[in-house]
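Colleague: dropping a prediction and its sequence here:
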Amino acid sequence: MVQPPPGGGSKNTTDCLVVIYTKEPTLLGKRFVLENNPTRVGRGADNHIVLDGDSVSRRHAHFEQRPSAWMVVDDGSTNGTYCNDEQISREVVLKNGDRVKIGPTIFKFLSGADVEAQYHEEIYRMTIIDGLTQIHNKRYLYEALEREIIRGRRHERDLAILLFDIDHFKRINDVHGHLAGDFVLKEVARIVQSRIRRDEVFARYGGEEFAIILPETSIEGAAALGETLRQKVAEHLFVFQADSIRVTISVGVALLQEGDRTANDLIKRADERLYHAKNSGRNRVCA
């Protein structure tokens, strides 16, 4: 990270930005205290926060403290600045906990008297929540699945898992750009999340792949849910910056069996069914 550029008054503040999602591993979890007013963000080395990536402009945006609040201001960037998944036209007032996306990087704005505690809470949250989609991550999935396997065996109840991924996701990135790919991942997560019950666990398994743990669910019930989700995604209109994107998913379903000893055993079988769904033409459910 380069030294802050000259100019821009320094203020005594603990208000900060925390990187909760990024394609740059060294930045994940990094805290940027907003001690420069304005704090500039972009690809150019003269910014206070320097981000890589083709979707980041040289002077992309800045954070500016005014008498009443901090603002995020887009500096005429090519690909836009987003606050809580909405593209800002020029500027927006920031509230504590708001998420600001610049290129592929998502910052969380923390403000108030307990910023230090909020920061540590956010670091913990990053261990179980995916920063882009705001659903659980792979680590949490495995921990939850191991617990459910023990519970299912103890009470002799069914336990199913869905594994699904977005068809031709690389093509979406190549044709529409990586920001559009991020949008599709978030929209798919939002559609599926709206159908998830309280006792079910929905997680991003990795890349464009997702998983759902379904306690006390038969293979027929799991397959029926998979078909409902497949239809919901296929019928949904995905539009990013005026581009319509056709999105479908392929789904694999597996049920806990007598010989399963670990979460990996169950996931492996669901993955085999997912592989079969993709080889059979995609946009389908295999159980």
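Modeller: Nice, thanks for sending it over.
Colleague: now do the same contact list for Arg273.
Modeller: 163, 252-254, 286-287 (C-beta atoms under 8 Å, 6 or more residues apart in numbering). C-beta coordinates here come from the backbone N, C-alpha and C atoms, glycine included.
Colleague: neighbouring contacts of the strand or helix carrying Val175?
Modeller: Assigning secondary structure by DSSP states H and E places Val175 in helix 169-176. The contact list for helix 169-176 (C-beta under 8 Å, 6+ apart) reads 166, 180-181, 184, 207-208, 240, 243, 245, 247.
Colleague: CA-only coordinates of stretch 116-135 in PDB, if you can.
Modeller: Extracted C-alpha coordinates of stretch 116-135, given in PDB (Å, rounded to 0.1, in the frame of the first residue of the first chain):
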ATOM      1  CA  GLU A 116     -13.200  -1.400  17.800                       C
ATOM      2  CA  ALA A 117     -15.700  -4.000  19.100                       C
ATOM      3  CA  GLN A 118     -17.600  -3.800  15.700                       C
ATOM      4  CA  TYR A 119     -14.300  -4.400  13.900                       C
ATOM      5  CA  HIS A 120     -13.500  -7.600  15.900                       C
ATOM      6  CA  GLU A 121     -17.100  -8.800  15.400                       C
ATOM      7  CA  GLU A 122     -16.800  -8.300  11.700                       C
ATOM      8  CA  ILE A 123     -13.500 -10.200  11.600                       C
ATOM      9  CA  TYR A 124     -15.300 -13.100  13.300                       C
ATOM     10  CA  ARG A 125     -18.200 -12.800  11.000                       C
ATOM     11  CA  MET A 126     -15.900 -13.200   8.000                       C
ATOM     12  CA  THR A 127     -15.000 -16.700   9.200                       C
ATOM     13  CA  ILE A 128     -18.500 -17.900   8.700                       C
ATOM     14  CA  ILE A 129     -20.100 -15.500   6.200                       C
ATOM     15  CA  ASP A 130     -19.300 -15.100   2.500                       C
ATOM     16  CA  GLY A 131     -18.600 -11.400   2.000                       C
ATOM     17  CA  LEU A 132     -20.100 -11.200  -1.500                       C
ATOM     18  CA  THR A 133     -23.400 -13.100  -1.100                       C
ATOM     19  CA  GLN A 134     -23.900 -12.500   2.600                       C
ATOM     20  CA  ILE A 135     -24.800 -16.200   3.100                       C
END
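Colleague: pLDDT on that stretch, on average?
Modeller: Stretch 116-135 carries an average pLDDT of 96.
Colleague: and what of stretch 202-217?
Modeller: According to the model, stretch 202-217 has a mean pLDDT of 97.
Colleague: and that stretch, end to end?
Modeller: 15 Å (C-alpha to C-alpha, to the nearest Å).
Colleague: may I see the buried residues of that stretch?
Modeller: 202-205, 208-215, 217 (16 or more other C-beta atoms under 10 Å).
Colleague: which stretches in the stretch 101-250 of the chain count as helices?
Modeller: Assigned by DSSP state H, counting those that start in this stretch, the stretch 101-250 of the chain shows helices spanning 115-125, 138-155, 169-176, 178-193, 219-235.
Colleague: angle of the third one against helix 178-193?
Modeller: Looking back up the chat, that one is helix 169-176. Going by axes from the mean of the first three to the mean of the last three C-alpha atoms, to 10 degrees, helix 169-176 is angled at 130 degrees with respect to helix 178-193.
Colleague: how far off centre is helix 169-176?
Modeller: A distance of 17 Å separates the C-alpha centroid of helix 169-176 from that of its chain, computed with C-alpha atoms, centre = their mean, to the nearest Å.
Colleague: likewise for stretch 17-37?
Modeller: 16 Å.
Colleague: buried stuff in that stretch?
Modeller: Neighbour-count burial for stretch 17-37 [16+ other C-beta under 10 Å]: 17-22, 27, 29, 31-32, 34-37.
Colleague: skip the chain neighbours and tell me the closest residue to Asn79.
Modeller: Ser55 (4.6 Å; C-beta to C-beta, 6 or more residues apart in numbering).
Colleague: need the contact list for the one you found.
Modeller: So Ser55 contacts 78-79, 103-104, 177-179 (C-beta under 8 Å, 6+ apart).
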